[in-house]
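S.K.: Next come a sequence and a model predicted from it.
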Amino acid sequence: MSDPRPHRTVQRTLPARKRIALIAHDGKKDELLEWAARWRDTLADHDLVGTGTTAGRLSREIGLAVEGLMSGPLGGDQQIGARIADQALDLLIFFWDPFAPQPHDPDVKALLRLAALWNIPVACNAASADFLASSPWLGQPYEMTIPDAKAWAASRSSQG
Ligand SMILES: O=C(CO)COP(=O)(O)O
């Protein structure tokens, strides 16, 4: 059986102006809003995207420009995941609720899996988000490694 794990990596440079996804489950939305209000000026220097309800509240209540995708239970987590796979997202701030099972838990798991796979910095609560937002790399290009998708596809097609 083939090794189910990509071994080769390539370099990816995250741009100085980051594309940041902001997401919160209902039980965590107030916490995310509070956090985003504290970091408002920092966040305003980057391109923000969010799942529908979260993005709407960030725009309305804090005045941040946030591109709103589909609401999470309707596919928004998957849309964010697709951006990760396309290398079109640089940071994920996702306050998921450890106390509330979601009807779309498989989508949440899929999003977190893609973030881990593609080496995306992720914050899951206010403290980890503070660390990300205060990182010197937030406003600078950042070099990192990601799986080599071409080598992965080539090795799998040569086995078939
Ligand atoms: O459910 C979510 C993430 O899994 C968030 O979606 P909303 O921002 O639309 O509430």
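M.R.: Done, it's in.

S.K.: Of all the helices and strands in this structure, which has the lowest average confidence?
M.R.: Ranked by mean pLDDT, DSSP states H and E, the weakest helix or strand in the chain is helix 149-159, scoring a mean of 89.

S.K.: Could you find the closest non-adjacent residue to R12?
M.R.: I146 (4.7 Å; Cβ to Cβ, 6 or more residues apart in numbering). Backbone N, C-alpha and C define where each C-beta goes, glycine included.

S.K.: phi, psi of the one you found?
M.R.: phi -140, psi 160 (degrees, to the nearest 10).

S.K.: Correct me if wrong, but D97 is in a strand.
M.R.: No: assigned with DSSP: H, G, I helix; E, B strand; the rest coil, D97 falls outside any strand and is coil.

S.K.: Give me the neighbour count for it.
M.R.: 15 (other Cβ atoms under 10 Å).

S.K.: got it, and the one 10 residues further on?
M.R.: D107 sits with 20 neighbouring residues when counted by other Cβ under 10 Å.

S.K.: dump the residue contacts of it.
M.R.: D107 sits next to G72, G75, D77, Q78, G81 when contact means Cβ atoms under 8 Å, 6 or more residues apart in numbering.

S.K.: just checking, which of these belong to helices?
M.R.: Of the positions in the contacts of D107, D77, Q78, G81 sit in helices, assigned by DSSP state H.

S.K.: Phi and psi next, for the most centrally placed residue in the chain.
M.R.: Residue closest to the average C-alpha location in the chain (Cα atoms, centre = their mean): L92, at 2.6 Å. The phi/psi pair for L92 (degrees, to the nearest 10) reads phi -130, psi 120.

S.K.: Can you sort out which of the contacts of D107 also neighbour the ligand?
M.R.: Near the ligand, taking Cβ under 6 Å from any ligand atom as the test, the members of the contacts of D107 found are G72, D77.

S.K.: what's the closest of the contacts of D107 to E61?
M.R.: Nearest to E61 among these: G72, at 18.1 Å, using Cβ to Cβ.

S.K.: D97 versus the closest residue to the ligand within the chain, what's the distance?
M.R.: Closest residue of the chain to the ligand, Cβ to the nearest ligand atom: G72 (2.1 Å). Separation of G72 from D97 (Cβ to Cβ, to the nearest Å): 11 Å.

S.K.: Common neighbours of the two, please.
M.R.: H25.

S.K.: check contacts around the residue nearest to R12.
M.R.: Counting by Cβ under 8 Å, 6+ apart, I146 has contacts T9, V10, Q11, R12, Q87, W118, N119.
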